[in-house]
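Undergrad: predicted coordinates and the sequence they were generated for:
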Amino acid sequence: MVPGLVISAPASGTGKTTLTLGLLAAWRAAGVRVHPFKNGPDYIDPAFHKAASGVASVNLDSWAMPPALLEALAGEAQGADLILSEGSMGLFDGVVRPGASGMGASAELSKRFGWPVVLVLDVSGQAQSAAAIAHGFKTLDPALPFAGVILNKVASPRHEALVRAGMEGAGIRVFGALPKREAIALPSRHLGLVQAEERTDLPELLEDLAAFVVSHVDLPALRHAAGGCARPDAKAYPIIPPGQRIALARDAAFSFVYPHLMQGWRAAGAEILPFSALNDEAPDASADVCWLPGGYPELHAGRLAGNARFLGGLRRFAEAHPVHGECGGYMALGEALIDASGARHAMAGLLGLVTSFAKRKMHLGYRRATLAVPMPGFGAGTRLRGHEFHYASILEAPDSPLAEVVDASGELLSECGSVRGKVTGTFFHLVAVD
């Protein structure tokens with residue numbers, strides 16, 4: 001039985017990830033084996049979790065994942081000393097209509113697995129009033145296991161004393177207080193944090209975060225507050241790979257693939273053959289499918305357009321084998337990508353798609369797709385659940401639609417993916433089969 005905690009907050013941007021990484025690194029240095037998880041469809045944070053803990057982190061998503069998959073993934077923590085699940089957005093934030101297992105809120109995972117919530121509170125600009133916020137989160141749902149709070153952006157010892165007095169009066173336990181420290185902030189860009197593999201200073205950063213947390217958080221008390229457990233007898237959940245030998249684009253331009261999918265592909269006996277489009281590498285000709293994940297092709301469009309070996313190899317591969325692209329990979333399969341400056345860059349031309357970042361517009365949310373035609377790993381009529389997050393606009397999409405796509409509310413969307421011959425693409429990232 002492995003006890004756990006959920007690190008959550010009232011909103012995004014309050015310090016959940018910074019605290020989570022500090023806790024993971026601190027406990028790792030102390031010899032505590034912590035198994036991390038990430039609530040929701042964030043594909044960047046798990047890589048930071050792994051770097052901090054030394055243990056692979058996967059997403060747990062109650063909207064997109066059926067109960068059996070959630071149980072199987074949580075069950076992978078057996079053998080660890082502690083589970084630490086980082087929440088997304090605010091504790092109760094989700095969608096308005098239930099999905100495969102729920103609304104997608106971090107509170108649902110806390111209740112499902114019995115992991116008490118530790119609320120990270122940004123207390124800048126307030127003192128005793130912070131207790132009212134904490135009290136509201138503690139009491140809104142009586143079924144929610146609530147451990148207490150960690151204060152963030154504390155201005156001074158006097159400020160901390162005032163906030164702690166308010167918490168004591170409200171019966172809220174305080175596990176620590178983090179002073180303001182701008183130098184320790186994690187840089188981000190338009191789709192989230194700058195990726196872990198791009199941070200050459202990551203080991204030093206994690207060491208610094210660990211020391212910061214050790215100095216300001218009561219780690220023994222926090223660990224003692226952990227509770228609940230994943231089912232130790234949870235059965236493995238089969239994940240269908242798109243092929244037996246998968247040529248997978250993996251670099252700073254194409255990196256957004258959910259860890260649980262790659263784990264599932266390997267568990268099903270598939271072999272993953274990574275290649276780098278940025279280094280002008282072509283997909284392995286011995287593979288039977290090529291998969292281009294999402295990422296940041298818009299930041300590298302000029303370089304990709306000039307990589308003749310990558311583009312030529314991809315075109316030759318598509319003559320005989322299926323190719324699928326998600327979001328950034330989808331854009332790279334298209335005719336052209338227009339970057340933020342308005343410059344047009346020729347892409348692979350395997351689809352007629354033309355996308356533009358010249359006028360950014362955010363597309364964000366869960367997606368449910370019913371395939372009109374087959375795509376790698378799935379037959380026509382298969383229903384898939386996923387998530388979409390990008391700023392590109394479609395200028396041209398002349399190919400046949402891949403699927404009927406609706407959002408979490410069931411509203412039909414115009415962005416339905418594309419298919420041309422053996423090549424398919426979508427703007428949503430696959431999470432699970434419905």
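TA: Structure received.

Undergrad: just checking, Leu412 touches Val406?
TA: Yes - with contact defined as C-beta atoms under 8 Å, Leu412 reaches Val406; the gap is 5.5 Å. Where you see a C-beta, it was placed from the backbone N, CA and C, and this is true even at glycine.

Undergrad: so between the two, which is more surrounded?
TA: Val406 (16 against 9; other C-beta atoms under 10 Å).

Undergrad: number of nearby residues for Asp201?
TA: Residues within reach of Asp201, counting by other C-beta under 10 Å, total 8.

Undergrad: so how far is Ala301 from it?
TA: Between Asp201 and Ala301 the distance is 27 Å, computed by C-beta to C-beta, to the nearest Å.

Undergrad: show me where the stretch 1-150 of the chain has strands.
TA: Counting by DSSP state E, counting those that start in this stretch, one finds strands in the stretch 1-150 of the chain at the ranges 4-8, 34-39, 58-60, 82-86, 117-122, 146-154.

Undergrad: reformat these as TSV; add mean pLDDT.
TA: Formatted as TSV, these follow (pLDDT from 0 to 100):
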stretch	mean pLDDT
strand 4-8	98
strand 34-39	98
strand 58-60	97
strand 82-86	97
strand 117-122	98
strand 146-154	97
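
Undergrad: how about those strands in CSV, adding mean neighbour count and distance to Leu371?
TA: Converted to CSV, those look like this (neighbours: other C-beta atoms under 10 Å; distance: least, C-beta to C-beta, whole Å):
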stretch, mean neighbour count, distance to Leu371
strand 4-8, 27, 34
strand 34-39, 27, 27
strand 58-60, 24, 22
strand 82-86, 25, 32
strand 117-122, 25, 38
strand 146-154, 24, 42
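
Undergrad: Ala211 is nearest to which of these?
TA: strand 146-154 (16.1 Å; C-beta to C-beta).

Undergrad: what angle do strand 4-8 and the closest one make with each other?
TA: Relative orientation of strand 146-154 versus strand 4-8 (axes from the mean of the first three to the mean of the last three C-alpha atoms, to 10 degrees): 40 degrees.

Undergrad: partner strands of strand 146-154, parallel or antiparallel?
TA: strand 117-122 (parallel), strand 174-179 (parallel) (DSSP bridges).

Undergrad: so for the last one, what's the average pLDDT?
TA: When pLDDT is averaged along strand 174-179, the result is 97.

Undergrad: contact partners for the residue lying closest to Ala9 once chain neighbours are set aside?
TA: Residue nearest to Ala9 in three dimensions, not counting chain neighbours: Val120, with 4.4 Å by C-beta to C-beta, 6 or more residues apart in numbering. Taking C-beta atoms under 8 Å, 6 or more residues apart in numbering, we find Val120 in contact with Ile7, Ser8, Ala9, Thr14, Gly15, Lys16, Leu19, Val149, Ile150, Asn152.

Undergrad: if you set the cut-off to 10 Å instead, what comes out?
TA: With contact set as C-beta atoms under 10 Å, 6 or more residues apart in numbering, Val120 has these partners: 7-11, 14-20, 86-87, 91, 149-152, 176, 178.

Undergrad: and Leu273, which of the strands paired with strand 146-154 is closest to it?
TA: strand 117-122 (40.1 Å).

Undergrad: next, the angle strand 82-86 makes with the closest one.
TA: Calculated by the same axes, to 10 degrees, strand 117-122 forms an angle of 50 degrees with strand 82-86.

Undergrad: am I right that Pro203 is in a helix?
TA: Yes - per DSSP: H, G, I helix; E, B strand; the rest coil, Pro203 lies within a helix segment.

Undergrad: tell me the buried residues in stretch 290-305?
TA: 290-301, 303-305 (16 or more other C-beta atoms under 10 Å).

Undergrad: now do the residue nearest to Ala9 against Thr139, distance only.
TA: 18 Å.

Undergrad: quick one on the thing from earlier: now distance to Arg33 too, for the strands paired with strand 146-154, in a markdown table please.
TA: Conversion of the strands paired with strand 146-154 to a markdown table gives the following (distance: least, C-beta to C-beta, whole Å):
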| stretch | distance to Arg33 |
| --- | --- |
| strand 117-122 | 19 |
| strand 174-179 | 21 |
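
Undergrad: nearest to Leu353, of those?
TA: For Leu353, the closest of the strands paired with strand 146-154 is strand 117-122, at 40.2 Å, according to C-beta to C-beta.

Undergrad: how about the closest one as CSV, C-alpha atoms only?
TA: What follows is strand 117-122, C-alpha atoms only, in CSV (Å, rounded to 0.1, in the frame of the first residue of the first chain):
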residue,chain,number,x,y,z
VAL,A,117,-4.8,17.5,-0.9
VAL,A,118,-2.0,19.9,0.0
LEU,A,119,-3.1,23.4,-1.2
VAL,A,120,-0.4,25.8,-2.4
LEU,A,121,-1.6,29.3,-1.6
ASP,A,122,-0.1,32.5,-3.1
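
Undergrad: how distant is that strand from the center of its chain?
TA: Distance, stretch centre to chain centre, for strand 117-122: 20 Å (C-alpha atoms, centre = their mean, to the nearest Å).

Undergrad: ditto for stretch 118-126
TA: Worked out by C-alpha atoms, centre = their mean, stretch 118-126 lies 24 Å from the chain centre.

Undergrad: got it, and stretch 118-137?
TA: Here the centre of stretch 118-137 is set off from its chain's centre by 26 Å, with C-alpha atoms, centre = their mean.

Undergrad: give the buried residues for it.
TA: Going by neighbour count (16+ other C-beta under 10 Å), the buried part of stretch 118-137 is 118-123, 126-128, 130-131, 133-135, 137.

Undergrad: for Tyr366, give the beta-bridge partners.
TA: Listed by DSSP bridges, the beta-bridge partners for Tyr366 are His387.

Undergrad: quick one, phi/psi of the residue lying closest to Gly243 once chain neighbours are set aside?
TA: Nearest residue to Gly243, sequence neighbours excluded (C-beta to C-beta, 6+ apart): Val289, at 3.2 Å. As for Val289, its main-chain torsions (degrees, to the nearest 10) stand at phi -160, psi 150.

Undergrad: beta partners for Val289?
TA: Per DSSP bridges, the residues bridged to Val289 are Ile246.

Undergrad: show me where the stretch 301-434 of the chain has helices.
TA: Under the criterion DSSP state H, counting those that start in this stretch, the stretch 301-434 of the chain contains helices at 301-305, 308-320, 328-333.

Undergrad: okay, these in a markdown table with distance to Ala80 and mean pLDDT next?
TA: Shown next, in a markdown table, are the helices of the stretch 301-434 of the chain (distance: least, C-beta to C-beta, whole Å; pLDDT from 0 to 100):
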| stretch | distance to Ala80 | mean pLDDT |
| --- | --- | --- |
| helix 301-305 | 40 | 97 |
| helix 308-320 | 40 | 98 |
| helix 328-333 | 33 | 97 |
